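Participant: got a predicted structure here, sequence first:
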Amino acid sequence: MKPNFTWTRRRFLGASAIAAAGITAQPLTGAQSDTAPGAGSAADDADSRGHQRLPLEKLQAWESLQYGMFIHFGMSTFVGQELPSGNDPLSAYAPESLDVDQWVSVARDAGMRYAVLTAKHVAGHCLWPSRFTDYTVANSPVTTDVVEAFVRACEKRGVLPGLYYCSWDNHNRFGSRTPSDGGQPYTTSLYQTFQTNQITELLTQYGPIAEVWIDIPSVLGRGYRTYLYQHIAALQPDTIIMMNSGISEQREYNVEANWPADIIAIERRLPDPGGFNKWRTIEGKRYYMPGEVCDPIGREWFWVEGDLPRPDEDLAAQFNACRQRGVNLLLDVPPDRSGRIPDYSVAALERLRRAAGL
């Protein structure tokens with residue numbers, strides 16, 4: 001029986017964030033706010049660099065990037081829905097003037113140091129010619145391998161490439177229940193094999209990827225999520241792995257829904273004014289986990305006609321707050337149906353660059 005409300009991605013992530021409080025309150029099953037380790041006992045001193053996979057220097061180098069571009073583009077751009085049914089025809093994906101180089105040039109000129117592209121979102125349509133589904137650009141009116149074009153454009157312009165992959169897939173289901181169906185969502189082992197295969201394609205065919213962004217990780221279950229984290233790390237040992245922890249200031253960290261991960265997402269929110277707590281205690285061990293604020297330049301993640309950038313003062317305030325509170329800002333700037341970032345977004349980014357002194 002379907003519930004009497006419609007799931008949205010924001011509602012789903014918000015509910016997950018609310019559930020986090022109950023999970024993290026339990027001993028050794030959640031993350032507690034903590035100060036930097038290393039002051040006190042010899043045990044603390046030995047533990048001062050944390051138990052995270054990546055060394056402090058690597059994570060701090062990622063933090064030094066400070067500002068990146070999120071790029072939401074795909075089937076949702078063309079069907080006008082953030083969360084499509086997954087049944088839209090391949091013919092719907094038809095950018096008239098696809099210009100991936102323009103996206104990355106805009107990012108570079110705005111002072112952004114890295115960019116993250118939605119390789120596959122909720123629609124299940126893949127921006128690369130995956131061998132594991134026919135629902136890809138290879139069978140669409142415009143067959144450009146957007147992932148390939150994106151990574152090459154980043155290499156040319158000195159922007160570090162990242163890839164986003166959504167575990168909520170309304171097309172490639174393999175018996176899974178997605179948040180669109182209502183009830184408790186889950187993924188089957190068949191779907192998980194599919195996701196592993198696709199992640200392997202993305203991380204073995206295009207060269208180094210600086211950040212891997214896994215959205216809706218809670219549907220994967222902790223066992224497979226742990227395997228996937230380890231698999232990603234084996235394929236790209238230097239990459240930063242994000243398991244999106246959702247819409248919250250992240251005072252608490254939902255281990256059961258999001259762990260393991262290298263960094264913490266702060267979606268559509270800012271951390272507390274006192275600064276983001278990067279040291280977390282998870283199941284008795286301390287980890288250094290930087291934060292990344294992600295938010296659209298307007299209201300919507302994908303391009304929607306009439307969705308203009310937020311006022312300049314709001315964007316500047318968000319940018320400055322991220323700097324002051326010690327988190328990166330991944331600002332989503334979606335291309336339109338032509339396949340280019342609109343001029344009004346380019347102009348807003350230029351004004352923000354000048355205001356920020358970049």
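Facilitator: The structure has been received and is ready for your questions.

Participant: burial measure for Pro342, as a count.
Facilitator: Using other CB atoms under 10 Å, Pro342 has 17 neighbouring residues. The way it works is simple: take the backbone N, C-alpha and C, and place the C-beta from them, glycine included.

Participant: how far away is it from Val333?
Facilitator: As defined by CB to CB, to the nearest Å, Pro342 lies at a distance of 9 Å from Val333.

Participant: surely Trp213 is within a strand?
Facilitator: Yes. Trp213 forms part of a strand when assessed by DSSP: H, G, I helix; E, B strand; the rest coil.

Participant: now it: how far from Phe319?
Facilitator: Per CB to CB, Trp213 is found 20 Å from Phe319.

Participant: likewise for Lys285?
Facilitator: Lys285 sits 33 Å away from Phe319 when distances are taken as CB to CB.

Participant: of the two, which one has the most company?
Facilitator: Remark: of Lys285 and Phe319, Phe319 carries more neighbours, 21 against 12, as counted by other CB under 10 Å.

Participant: gap between stretch 138-145 and the chain center?
Facilitator: Averaged C-alpha coordinates place stretch 138-145 at 24 Å from its chain's average position (CA atoms, centre = their mean, to the nearest Å).

Participant: buried stuff in that stretch?
Facilitator: When neighbours are counted by 16 or more other CB atoms under 10 Å, the buried residues of stretch 138-145 are found to be Ala138, Ser140, Thr144, Asp145.

Participant: for Val137, see how far away the last one is.
Facilitator: Distance of Asp145 to Val137, given as CB to CB: 7 Å.

Participant: same check on the third one?
Facilitator: Applying CB to CB, the value for Thr144 to Val137 is 6 Å.

Participant: shared neighbours, the two?
Facilitator: Here Thr144 and Val137 share no contacting residue, scored by CB atoms under 8 Å, 6 or more residues apart in numbering.

Participant: what's in contact with the strand or helix carrying Ser76?
Facilitator: Take DSSP states H and E as the rule and Ser76 turns out to sit in helix 75-79. Residues external to helix 75-79 that are found in contact with it (CB under 8 Å, 6+ apart): 82-84, 88, 92-95, 121-125, 301-303, 334-337.

Participant: what touches both of Asp145 and Val137?
Facilitator: With the criterion set as CB under 8 Å, 6+ apart, the overlap between the contacts of Asp145 and Val137 is Leu127, Trp128, Pro129.
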